[in-house]
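1. sequence first, then the predicted structure:
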Amino acid sequence: MGKRDFRTFLQFAAPWLILSACAAGSLLHVPGDLARPARPVAPAAVAPQAAVVDFSYKAAPDGVLGRDFDRARPIVWKGEPGKAMADLVAGVLVESGVAAVRRGTDAAAADGVPVRIFGVVRRFEVNTRRTGMVNVITEATVSMTVTAEGPGLSGPSEQAVTSSMSLSDIFVTPDGLREALMSAANASAEEAVRKLLDGGVFPRPPSAPEAGNRK
């Protein structure tokens, strides 16, 4: 093989060598925790208005959230979706001017707070698949039902939300998995809080930004 032929071979082979190196291993891990983007927090009342308890979630064995279909690898995360989504919903409430506090799984721990918020995370997944020679789509979906109840409400307020996020890249990366999953999770939490506010569960403070407003 001549020098010119070798250089031509490298131009085509190098991307596949990189993809193979990045795809090594039998598992794909989503790193870190889910978090809220840094945003201004609206002034809130001193007394807690809402207690957000851990959401329920039926976890798959070994923390599997999805699959890399191109390499037939499971995608796993060490976090707890039920707690993570309750954290995000509480964070969005605080940003919206509602004095929200987090509680564990014990419903009695929310006694004395006007509104108790709980939920069920129904889908919490991220998958990847190749759609062309060098194009990989990473898609995350978060679906949940959030319920608010309290003595001051006429009855339980139940809101169902689903959010998805897709990213395109030339190969799968752990950071890409986390970005897609975190975007879908935050969007789902924002939509749930927006529906609670629009439904009159909490009065919207005049100075509070609308939940999910991305300025």
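-> Perfect, thanks for sending it.
2. all strands of this protein, in order?
-> Counting by DSSP state E, the chain forms strands over residues 28-30, 50-52, 56-57, 64-68, 73-77, 100-102, 115-130, 136-149, 157-169, given from the N-terminal end onward.
3. now those strands in TSV, with mean pLDDT, mean neighbour count and distance to residue 175?
-> C-betas here are computed from N, CA, C, even on glycine. Compiled in TSV, those are given as follows (pLDDT from 0 to 100; neighbours: other Cβ atoms under 10 Å; distance: least, Cβ to Cβ, whole Å):
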stretch	mean pLDDT	mean neighbour count	distance to residue 175
strand 28-30	92	21	9
strand 50-52	94	24	28
strand 56-57	96	18	24
strand 64-68	94	20	15
strand 73-77	95	20	13
strand 100-102	92	18	27
strand 115-130	95	21	12
strand 136-149	96	22	10
strand 157-169	95	16	10
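4. in CSV: these, plus distance to residue 83.
-> As requested, those are exported to CSV (distance: least, Cβ to Cβ, whole Å):
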stretch, distance to residue 83
strand 28-30, 15
strand 50-52, 10
strand 56-57, 9
strand 64-68, 15
strand 73-77, 12
strand 100-102, 9
strand 115-130, 10
strand 136-149, 13
strand 157-169, 18
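5. list just the one of those strands that sits closest to residue 185.
-> In terms of Cβ to Cβ, the element of those nearest to residue 185 is strand 136-149, at 4.8 Å.
6. quick check: neighbours of the closest one in the sheet, parallel or antiparallel?
-> In its sheet, strand 136-149 lies beside strand 115-130 (antiparallel), strand 157-169 (antiparallel), with partners assigned from DSSP bridges.
7. quick one: that strand to chain centroid distance?
-> Relative to the chain's own centre, strand 136-149 is displaced by 7 Å; criterion: Cα atoms, centre = their mean, to the nearest Å.
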